[in-house]
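K.L.:
When you get a sec, could you give me coordinates for this:
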Amino acid sequence: MPALELVPYPDGQTTRRLCSHHVTRRTLSGVMLSIAVLFGSAAPQTLAEAAVALVKVDVKEVGQGLQTSELVGTAIQNDKDEKIGTLDDLVITKDRSLFAVLQVGGFLGLGGYLVAIPYESLNITDNGHKITLPGASKDALQNLPEFEFKK
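P.N.:
Here you go, the predicted structure:
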């Protein structure tokens with residue numbers, strides 16, 4: 001069985017590579033061809049450079065976004081300006097869907113009922129200080145299945 005060893009990159013990260021005389025040139029050629037097809041062979045690029053390119057973002061634009069800590073605890077209103085709940089948390093699922101967890105009912109965070117709704121259902125205005133769930137009511141939210149965080 002081939003052994004694995006850690007190989008350091010110049011940026012301090014490491015990767016594992018096979019260290020075995022059992023790996024044939026044919027196998028290595030096939031692997032290299034597959035990598036070339038996947039990443040394109042027009043511009044020479046290392047795998048590390050390709051990975052870095054995937055995480056490039058406009059940090060100024062991201063910096064203008066709303067932080068979760070600014071939103072949690074904000075009252076949720078319907079389109080009649082009635083308070084129908086409070087934003088308790090945001091949850092990202094394994095398939096990268098974003099849900100808002102709302103607390104409905106209760107007093108000062110006690111005795112409330114948690115429900116999850118798609119984040120896209122919320123209208124966030126006034127720089128995050130006003131969150132509206134159009135067409136919703138406290139009763140309608142309390143009729144949704146109760147949400148529980150994983151234990």
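K.L.:
Output the below-cut-off pLDDT ranges for the chain.
P.N.:
Scanning the chain with the threshold set as pLDDT under 70 gives 1-53, 107-110.
K.L.:
mind listing the strands in it by residue range?
P.N.:
Applying DSSP state E to the chain gives strands spanning 3-8, 14-19, 75-77, 83-92, 98-104, 113-118, 123-125, 130-132.
K.L.:
what's stretch 118-125 in contact with?
P.N.:
Residues from elsewhere that reach stretch 118-125 (CB atoms under 8 Å, 6 or more residues apart in numbering): 66, 71, 76, 90, 97-100, 130-134. The way it works is simple: take the backbone N, C-alpha and C, and place the C-beta from them, glycine included.
K.L.:
Val104 - how many residues pack around it?
P.N.:
23 (other CB atoms under 10 Å).
K.L.:
thought it was touching Lys138?
P.N.:
Yes. In this structure, Val104 is within contact of Lys138 by CB atoms under 8 Å, at 6.1 Å.
K.L.:
list residues touching both of those two?
P.N.:
Common neighbours of Val104 and Lys138 (CB under 8 Å, 6+ apart) are 84-85.
K.L.:
re earlier: buried members of the contacts of stretch 118-125 into ChimeraX, please.
P.N.:
Burial among these is assessed by 16 or more other CB atoms under 10 Å; the matching ChimeraX selection reads:
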select :71,76,99,100,131,132,133
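K.L.:
okay, the contacts of stretch 118-125 in JSON lines with distance to Lys56 next?
P.N.:
Converted to JSON lines, the contacts of stretch 118-125 look like this (distance: CB to CB, whole Å):
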{"residue": "Leu66", "distance to Lys56": "22"}
{"residue": "Leu71", "distance to Lys56": "26"}
{"residue": "Ile76", "distance to Lys56": "35"}
{"residue": "Leu90", "distance to Lys56": "24"}
{"residue": "Ser97", "distance to Lys56": "24"}
{"residue": "Leu98", "distance to Lys56": "22"}
{"residue": "Phe99", "distance to Lys56": "27"}
{"residue": "Ala100", "distance to Lys56": "28"}
{"residue": "Lys130", "distance to Lys56": "33"}
{"residue": "Ile131", "distance to Lys56": "31"}
{"residue": "Thr132", "distance to Lys56": "34"}
{"residue": "Leu133", "distance to Lys56": "34"}
{"residue": "Pro134", "distance to Lys56": "35"}
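K.L.:
Many thanks, I have nothing further to ask.
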